[in-house]
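K.L.:
Sequence and predicted structure, then a few things I'm wondering about:
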Amino acid sequence: MTVNRTFFSCALTGCFAIATMPALAQSEPQGFYVTAYAQASRLSSTSFDEIGNANLGAGLKAEFDAGLGLGGDIGYKYGNGWAAEFEWNWRRHELKSLTRRGASTVNEGDFASNILFVNGLRHFTLSEGGWTPYVGLGVGWVQEIDFDINAGATERAWSKQGDIGVQLIGGVEFPLADAWSLTADVRLLRLGKHELTAEEGVTGRLAKPGYNPLSVQIGVRRRF
């Protein structure tokens, strides 16, 4: 909880500092836009305990392969460098290995999430028709975060709903033709560690795997 408070405080401080910076040249058009994107996501290893009938025990460590994410947003640019958007994001990280005190247990499964965000963005228009860097802060509501483990024909799942996460955003927007543009950005999502309760094929809970992915994403945007 202390780490989450520190992260959130730093995020707010950074966004306040950005907001007080003078705009280099703000002349972007005002109006709505929609974006669809794909992302590559990296999830660091995490340690946790299994409490229940899965017989995995305590002292577990999970490592993950590169993840895949998909999503989109509906936003509005105010014409003065600021924008607000509503974003949906899904991402999935394949389990690379699950060990207990150094001994391998299973290596099939995934750690995935489905999250709805409200983002605030600050664009910095450098020149008319040129590329536009932007930064932002998002607050997300977790529709579901779930950890699945497959052992033979047995599928086991733990999940949780309703958590709150924070993401930091930094990227650039490149104009294409007419009302179209290409976006590329990096997003750091912070959910922290949460207890996941049994959902399928198992009883008990997981206490407490961490979920703090870093993603790089490419999107196509249409302005209206």
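P.N.:
Happy to help now that I have it.

K.L.:
The most centrally placed residue in the chain in helix, strand or coil?
P.N.:
By C-alpha atoms, centre = their mean, the chain has its centre lying nearest to residue 189, at 4.4 Å. Following DSSP: H, G, I helix; E, B strand; the rest coil, the label given to residue 189 is strand.

K.L.:
quick one: it and residue 140 touch, right?
P.N.:
Yes. In this structure, residue 189 is within contact of residue 140 by C-beta atoms under 8 Å, at 7.4 Å. (Glycine included, C-beta is placed from N, CA and C.)

K.L.:
Tell me, how many residues neighbour residue 100?
P.N.:
The tally of other residues near residue 100 (other C-beta atoms under 10 Å) stands at 15.

K.L.:
Relative to residue 157, how far out is it?
P.N.:
As for residue 100, its distance to residue 157 is 19 Å (criterion: C-beta to C-beta, to the nearest Å).

K.L.:
sorry, back to before: between residue 189 and residue 140, which contacts overlap?
P.N.:
115, 165, 166, 167 (C-beta atoms under 8 Å, 6 or more residues apart in numbering).

K.L.:
now residue 94, what's its secondary structure?
P.N.:
Three-state call for residue 94 (three-state DSSP): strand.

K.L.:
neighbours around it, how many?
P.N.:
The number of residues near residue 94, taken as other C-beta under 10 Å, comes to 16.

K.L.:
what do you get for the one 10 residues further on?
P.N.:
Using other C-beta under 10 Å, residue 104 is surrounded by 9 other residues.

K.L.:
What backbone torsions are found at residue 77?
P.N.:
phi -90, psi 130 (degrees, to the nearest 10).

K.L.:
for residue 71, that is, sorry about that
P.N.:
According to degrees, to the nearest 10, residue 71 has phi 180, psi -170.

K.L.:
Make sure it is actually in contact with residue 90.
P.N.:
Yes. Judged on C-beta under 8 Å, residue 71 makes contact with residue 90 at a distance of 6.3 Å.

K.L.:
okay, the two: which has more neighbours?
P.N.:
Neighbours per residue, other C-beta under 10 Å: of residue 71 and residue 90, the larger number sits with residue 71, 22 against 15.

K.L.:
Not counting its neighbours along the chain, what's nearest that one?
P.N.:
Distances taken as C-beta to C-beta, 6 or more residues apart in numbering put residue 89 closest to residue 71, at 3.9 Å, once the chain neighbours are dropped.

K.L.:
how close does that neighbour get to residue 202?
P.N.:
Separation of residue 89 from residue 202 (C-beta to C-beta) stands at 27 Å.

K.L.:
okay, these two: which has more neighbours?
P.N.:
Taking other C-beta under 10 Å, residue 89 and residue 202 do not tie; residue 89 has more neighbours (25 against 21).

K.L.:
Any stretches of this structure with poor pLDDT?
P.N.:
Applying pLDDT under 70 to the chain flags residues 1-27, 127-129, 152.

K.L.:
Show me what the helix or strand in which residue 47 is found is packed up against.
P.N.:
Here residue 47, judged by DSSP states H and E, is contained in strand 46-52. Where contact means 3 or more C-beta pairs under 8 Å, 6 or more residues apart in numbering; DSSP states H and E, strand 46-52 is packed against strand 60-64, strand 204-207.
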